[in-house]
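Engineer: Any chance you could fold what I've pasted below:
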Amino acid sequence: MIILEPIRKRLLIAGMLLVVVAKVISIPEQIQMVAFFAVLAITGVPHGSLDFFIEKKVVKSSNKLIFKLNFIFKYLINMLAYGILWYFFPSFAFILFIGLTAYHFGEIDWQIHQKKYLDRWLYSFFGLLLIVFIIASHIEYAAPVLAVLLPNFINQALWLKIGNSIALPSACALLVYLSFLVFLLPKVGYNQKKVYSFAFQSVMLIVVIYLLPFYLSFAFYFGCWHSLISFNLIRNQLEFGNTYEGWLELIKKAVPYTVLAWTGIVLFIIFTSRFHDKDLIISNIFIGISILTLPHLQVFTKIVNIKKQ
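Structural biologist: I've put the predicted structure just below:
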């Protein structure tokens, strides 16, 4: 029997419907990009804008002013340090970003949570395989962005060659890994239904990601799947009801910090981008999001750890 949270079921159904629409109607790339940017603006960045409230709920500091100033200081220091790393060592910053993202994506997708330290290795490796698959299966769009992100590392032609050569193997590796989890984890004490549910969910995600065009694929996985599930975890942690009013209250809390985050990203793009260069703009958006990811992951992991208990 497959057991999925209601929000995961709805998102998988929405993803499959989006695939049907994208296959029946040839959606122009300009509209796909509008959807991509809209989802980033509405859910992608906002899901990380509630970190202060998460930390406040977990820590329960008695001195609110000192706690807030301390939180903001540490958050900004993390962002500054990672921004400097991107400027001087982009290759290392990119590898770190992939590692952080693999951990964070895997952490959200993972439904099993039984053996804390083993879980981390298992879902981090899943997240890494998934990221490689997303990039490789849409390499014709990802290659120009990767070439801008890493100008002295690998050129666009080589990225295309590498991506095309590993697209199928990365999909096979994901399926083999899921088969390995299904076979092995129940034998070492994991809940069989949860393992099967995770494998089913993952296969459905792989299909949706592969069949959607790049911008819609990324918008669905990051902006809808990852961000809305994260929002739901935050809603539970902050004890808002699963109602229209509860979600509205959550959004109201996110708005001021979302505006600040986007202001920073937009200023970064203005000072670093040529506006006729789409790939440069998108690469700088990814850098901006990655700079926000480091402190966000440090805070958000606390929610997942609480859920495991």
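
Engineer: Please identify the buried residues of stretch 138-148?
Structural biologist: 138, 139, 141, 142, 143, 144, 145, 146, 147, 148 (16 or more other CB atoms under 10 Å). Glycine gets a C-beta too; all of them are placed from N, C-alpha and C.

Engineer: starting at the chain centroid, how far to the helix or strand harbouring residue 270?
Structural biologist: If you go by DSSP states H and E, residue 270 is part of helix 244-272. What separates the centre of helix 244-272 from the centre of its chain is 17 Å, taken as CA atoms, centre = their mean, to the nearest Å.

Engineer: Can you give me the buried ones in that helix?
Structural biologist: 250, 253, 254, 257, 258, 261, 262, 265, 268, 269.

Engineer: Next: stretch 27-44.
Structural biologist: 27, 32, 33, 35, 36, 37, 39, 40, 43, 44.

Engineer: can you pull the contacts of the first one?
Structural biologist: Okay, so that is residue 27. 21, 213, 216 (CB atoms under 8 Å, 6 or more residues apart in numbering).

Engineer: quick one: the strand or helix carrying residue 293 to helix 244-272, angle?
Structural biologist: Here residue 293 sits within helix 278-308, counting by DSSP H and E. When axes from the mean of the first three to the mean of the last three CA atoms, to 10 degrees is applied, the directions of helix 278-308 and helix 244-272 differ by 140 degrees.

Engineer: related to what we said a few turns ago, in helices only, show me the buried residues of stretch 27-44.
Structural biologist: Judged by DSSP state H, the subset of the buried residues of stretch 27-44 located in helices is 32, 33, 35, 36, 37, 39.

Engineer: Dump those residues to CSV, plus distance to residue 228 and pLDDT.
Structural biologist: Output for these, formatted as CSV (distance: CB to CB, whole Å; pLDDT from 0 to 100):
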residue, distance to residue 228, pLDDT
32, 19, 88
33, 21, 84
35, 15, 88
36, 16, 85
37, 17, 82
39, 10, 86
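
Engineer: would you turn the residues you listed into CSV with distance to residue 300?
Structural biologist: What follows is these, written out as CSV (distance: CB to CB, whole Å):
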residue, distance to residue 300
32, 28
33, 28
35, 25
36, 23
37, 23
39, 19
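
Engineer: Closest one to residue 6 out of the residues you listed, please.
Structural biologist: residue 39 (20.7 Å; CB to CB).

Engineer: so for stretch 216-228, what's the average pLDDT?
Structural biologist: Across stretch 216-228, the average pLDDT comes to 90.

Engineer: Take the buried residues of stretch 27-44 and write them to a markdown table, including distance to residue 112.
Structural biologist: Formatted as a markdown table, the buried residues of stretch 27-44 follow (distance: CB to CB, whole Å):
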| residue | distance to residue 112 |
| --- | --- |
| 27 | 36 |
| 32 | 34 |
| 33 | 36 |
| 35 | 32 |
| 36 | 31 |
| 37 | 34 |
| 39 | 28 |
| 40 | 29 |
| 43 | 25 |
| 44 | 26 |
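
Engineer: Buried ones in stretch 41-61, by neighbour count?
Structural biologist: 43-57.

Engineer: Provide the contact partners of it at residue level.
Structural biologist: Outside stretch 41-61, the residues touching it (CB under 8 Å, 6+ apart) are 67-68, 71-72, 75, 222-224, 226-228, 230-231, 234, 237-238, 250-251, 253-255, 257-258, 260-262, 265, 289, 292-293, 295-296, 299-300, 302-303, 306.

Engineer: 6 Å instead, please
Structural biologist: 67, 71, 222-223, 227, 230-231, 234, 237-238, 254, 257-258, 261, 292, 296, 299, 302 (CB atoms under 6 Å, 6 or more residues apart in numbering).
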